[in-house]
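1. here is my input; please provide its structure:
(one chain, ligands or ions: 3)
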Amino acid sequence: MLLYIVFFVALATGQVTDDLDTDGDGHLNINEVTAKLNLTAVVYALDTDGDMQFTVAEALEYFDHHMINQLDTNHDHMLSFQELMDGLTLADLFAYYDANDDGFLYGSEADKIYQMYAAQQNAANPMP
Ligand SMILES: [Ca+2]
Ligand SMILES: [Ca+2]
Ligand SMILES: [Ca+2]
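-> Ligands and ions are numbered 1, 2, ... in the order given. I've put the predicted structure just below:
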């Protein structure tokens with residue numbers, strides 16, 4: 001009985017991962033990310049208070065100060081949707097998280113991408 005439970009839990013938790021990692025190699029490459037992530041949808045999904053911008057504190061969950069300064073082109077310490085759309089692509093995002101620059105995201109490199117994907121999916125399919 002216990003074995004069955006472990007098996008089904010493993011299946012359930014594997015689902016989200018496999019959704020993005022389409023070739024199932026445990027790594028995310030740029031094609032897998034661009035196939036599933038929509039940056040506009042992610043930005044809307046992450047803006048939980050709906051003010052169409054992110055404070056530095058909100059943005060720090062996903063970026064470091066250096067990245068935020070680069071994106072904050074009018075230097076008002078807020079990242080507007082416009083600034084994100086103008087300054088950020090999925091390729092930029094991928095390169096930013098690919099800490100060892102090997103063209104793959106895995107382990108902690110992929111954490112934020114999975115968070116963004118989960119937010120995007122939750123926003124697209126809100127709980128009833
Ligand atoms: Ca993969
Ligand atoms: Ca700004
Ligand atoms: Ca990497």
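2. rest of the way, CA atoms for contacts and neighbours
-> Will do.
3. so which bits of the helix or strand containing Asp111 are buried?
-> Asp111 is part of helix 111-124 when elements are defined by DSSP states H and E. For helix 111-124, burial by neighbour count (16 or more other C-alpha atoms under 10 Å) applies to 113-114, 116-121, 123.
4. out of these, which is nearest to ligand 2?
-> Nearest to ligand 2 among the buried residues of helix 111-124, counting by C-alpha to the ion, is Met116 at 21.0 Å.
5. for the closest one, give me its contacts.
-> Neighbouring residues of Met116 by C-alpha atoms under 8 Å, 6 or more residues apart in numbering: 42, 46.
6. can we see that at 10 Å?
-> 37-39, 41-43, 45-46, 62, 122 (C-alpha atoms under 10 Å, 6 or more residues apart in numbering).
7. what does the chain put close to ligand 3?
-> Within the chain, the positions near ligand 3 by C-alpha under 5 Å from the ion are 98, 100, 102, 104-105.
8. in strands, which of the residues you listed appear?
-> Using DSSP state E, no member of the residues of the chain next to ligand 3 falls in strands.
9. buried subset of the residues you listed, written for PyMOL?
-> For the buried members of these, the matching PyMOL selection, counting by 16+ other C-alpha under 10 Å, is:
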select buried, resi 98+104+105
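10. would you turn the residues of the chain next to ligand 3 into JSON lines with distance to Ile68?
-> Below are these laid out as JSON lines (distance: C-alpha to C-alpha, whole Å):
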{"residue": "Asp98", "distance to Ile68": "17"}
{"residue": "Asn100", "distance to Ile68": "20"}
{"residue": "Asp102", "distance to Ile68": "23"}
{"residue": "Phe104", "distance to Ile68": "23"}
{"residue": "Leu105", "distance to Ile68": "21"}
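11. save the residues of the chain next to ligand 3 as CSV, and put in pLDDT too.
-> Converted to CSV, the residues of the chain next to ligand 3 look like this (pLDDT from 0 to 100):
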residue, pLDDT
Asp98, 98
Asn100, 97
Asp102, 98
Phe104, 98
Leu105, 98
